[in-house]
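> need a 3D model of the following:
(one chain, ligands or ions: 1)
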Amino acid sequence: MARTIPAAQLRTTVSGIIAAAGSAPQEAQTVADNLVLANLSGHDSHGVGMVPRYVDAVLEGGLKPNAGVAVKLDAGSLLALDGQRGYGQVVGEQAMGLAMQRAQETGSCVMALANAHHLGRIGHFAEMAVARGLVSIHFVNVQSRPVVAPFGGGDGRYGTNPFCVGIPLAGRPPFLLDFATSRVAQGKMRVAHNEGRQVEPGLLIDEKGRPTTNPGVVVVPQPGGLFGALLAFGEHKGYGMAVACELLGGALTGSGTWHRPADDRRAVINGMFTVVVDPGKLGTQASFEQEALAFVDWLKQSPPAPGSDGVLLAGEPERQARREREASGIAIDDQTWAEIVAAGAKVGARVA
Ligand code: NAD
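Have a look, this model is predicted:
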């Protein structure tokens, strides 16, 4: 069973809980806006269902309300920043603000963001950049439970390490590719588990390394207290990309990599290695715009394959979901809602 809630109402509910957990009103609003936008975009895995985890992380001390980015290095086109375990929705926006400004001054910026608490949808940060006509590339690692098995391995060793690239298209909505390097996002398994659904074959292995369709293997402890694992997308190629995310987002940023047994701490720490480029300063703006549009049009002219509605460009499904959910509201399953209500109760926020 699910309830359908208008986006505005959900923002009020979430900002109330985040504020009760210790955030200043502006921070609570930014976190709520970001999470609800993820739901609106069709990514419930990164939406308001994260609130219980954030509340637990604050209560444990792993997530620090009202922290901002600290500048560790500011050297020309290089920026090294520390999120100080603040809300990723806030420190991520601050970090992108600095990186975009630098890219507009110098043509490009390599920005390393360490120790952000969960950054949520990485596409949000690429959307900030493309809105200013900038290209933005993001490699992110995740320090929480190691939930993805390396290609050829039988247990989880790293996180769902997302990759994202946003490319502005002149006069059109941008190309916005934003995905976890696991076959599916961990949060989608939480949603499926909460809804009592099995998932398609090929996504998961159980705690003994055997294929399974039960999403619970990565959500709740299995016999012996062990967890199963997600598989990488694209076999060895996706696995390699996930390792690149760990090495760039975790090691190169100074945020840290995962190399220890699982624990049950609730904080989710992201490191994000970002490259922002201003095409206007690269000297290729005119041909970039023309060639990009020519290529996109060429793609779109491909005849629909049998059973398909035709070719989409990355970013289109999210924009379509936003149009629909802005109009019809956001469906929240009963289990997720009960967890949100319980999270509110932990910090003294009553959720109606
Ligand atoms: P997904 O599998 O739904 O893939 C999404 C991407 O594929 C989008 O760019 C979308 O526009 C594109 N896409 C989808 N269908 C398409 C089609 N038919 N044709 C062309 N393009 C298409 O996403 P996911 O892997 O489940 O990731 C969901 C979200 O989770 C992302 O926003 C990601 O940043 C986020 N995430 C965050 C963390 C973190 O620690 N902060 C970790 C993992 C994932």
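
> so who does the residue sitting nearest the centre point of the chain touch?
Centroid-nearest residue in the chain, with CA atoms, centre = their mean: residue 121, separated by 2.9 Å. By CB atoms under 8 Å, 6 or more residues apart in numbering, the contact list for residue 121 reads 34, 37, 38, 41, 43, 46, 178. C-beta: built from backbone N, CA, C; applies to glycine.

> likewise for residue 319?
residue 173.

> could I get the least confident helix or strand in the chain by mean pLDDT in PDB with only the CA atoms?
Lowest mean confidence among the helices and strands of the chain (mean pLDDT, DSSP states H and E): helix 186-194, at a mean of 86. The C-alpha trace of helix 186-194 is given here as PDB (Å, rounded to 0.1, in the frame of the first residue of the first chain):
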ATOM      1  CA  GLN A 186      21.200   0.100  -3.200                       C
ATOM      2  CA  GLY A 187      18.300   2.300  -2.300                       C
ATOM      3  CA  LYS A 188      16.200   0.700  -5.000                       C
ATOM      4  CA  MET A 189      16.700  -2.600  -3.200                       C
ATOM      5  CA  ARG A 190      15.500  -0.900   0.000                       C
ATOM      6  CA  VAL A 191      12.400   0.300  -1.800                       C
ATOM      7  CA  ALA A 192      11.700  -3.100  -3.300                       C
ATOM      8  CA  HIS A 193      12.300  -4.800   0.100                       C
ATOM      9  CA  ASN A 194       9.900  -2.300   1.800                       C
END
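
> which other helices and strands contact it?
Judged by 3 or more CB pairs under 8 Å, 6 or more residues apart in numbering; DSSP states H and E, helix 186-194 is in contact with helix 334-346.

> so for the helix it packs on, what's the average pLDDT?
Here helix 334-346 scores 96 as its mean pLDDT.

> quick check: next helix or strand after the least confident helix or strand of the chain?
The helix or strand immediately downstream of helix 186-194 is strand 204-205, counting by DSSP states H and E.

> that next one packs against which elements?
Counting contacts by 3+ CB pairs under 8 Å, 6+ apart, strand 204-205 packs against strand 211-212, strand 229-230.

> circling back to that earlier point, ok, which of the contacts of residue 121 also contact the ligand?
43, 46, 178 (CB under 6 Å from any ligand atom).

> OK, contacts around the first one?
For residue 43, the residues meeting the contact criterion (CB under 8 Å, 6+ apart) are 121, 185, 187, 318.

> ok so, going back, mind checking which of the contacts of residue 121 are in strands?
residue 178 (DSSP state E).

> related to what we said a few turns ago, just the helices and strands packed on strand 204-205: most buried one?
strand 229-230 (a mean of 26; mean count of other CB atoms under 10 Å).

> avg pLDDT for it?
For strand 229-230, the per-residue pLDDT averages 97.

> and the helix or strand just after it, what does it pack against?
Using DSSP H and E, the helix or strand that directly follows strand 229-230 along the chain is helix 235-245. Other elements packing on helix 235-245 under the criterion 3+ CB pairs under 8 Å, 6+ apart are strand 135-143, strand 162-169.

> among these, which is nearest residue 72?
Residue 72 lies closest to strand 135-143 among those, at 17.6 Å (CB to CB).

> give me the buried positions along the closest one.
Residues of strand 135-143 classed as buried by neighbour count (16 or more other CB atoms under 10 Å): 135, 136, 137, 138, 139, 140, 141, 142, 143.

> ditto for stretch 147-154
147, 148, 149, 150, 151, 153.

> ok, now stretch 318-330?
318, 321, 322, 325, 329, 330.

> now swap in stretch 286-305 and tell me
Buried residues in stretch 286-305 (16+ other CB under 10 Å): 288, 289, 292, 296.

> again with stretch 222-233
So for stretch 222-233, counting by 16+ other CB under 10 Å, buried means 222, 227, 228, 229, 230, 231, 232, 233.

> the third one against residue 220, yeah?
No: no contact is recorded between residue 228 and residue 220 when judged using CB atoms under 8 Å, the distance being 10.3 Å.

> using CSV, lay out the buried residues of stretch 286-305 together with secondary structure, distance to residue 65 and pLDDT.
CSV is the format used below for the buried residues of stretch 286-305 (DSSP: H, G, I helix; E, B strand; the rest coil; distance: CB to CB, whole Å; pLDDT from 0 to 100):
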residue, secondary structure, distance to residue 65, pLDDT
288, helix, 41, 98
289, helix, 42, 97
292, helix, 41, 98
296, helix, 42, 98
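
> pLDDT score for the residue lying closest to residue 334 once chain neighbours are set aside?
Leaving aside its sequence neighbours, residue 334 sits nearest to residue 1 (CB to CB, 6 or more residues apart in numbering; 4.8 Å). You'll see residue 1 listed with a pLDDT of 79.

> ok, residue 1 - how many residues close by?
Neighbourhood size, residue 1 [other CB atoms under 10 Å]: 7.

> state the mean pLDDT of stretch 126-135.
Averaging pLDDT along stretch 126-135 yields 98.

> so which bits of it are buried?
Across stretch 126-135, burial judged by 16+ other CB under 10 Å covers 126, 127, 128, 129, 130, 134, 135.

> and which of the buried residues of stretch 286-305 is nearest the ligand?
Nearest to the ligand among the buried residues of stretch 286-305 is residue 296, at 11.7 Å by CB to the nearest ligand atom.

> this protein: helices as residue ranges?
Secondary structure of the chain by DSSP state H: the helices cover 7-20, 25-40, 51-60, 88-106, 123-130, 186-194, 235-245, 279-282, 285-300, 316-328, 334-346.

> perfect, I'm done here.
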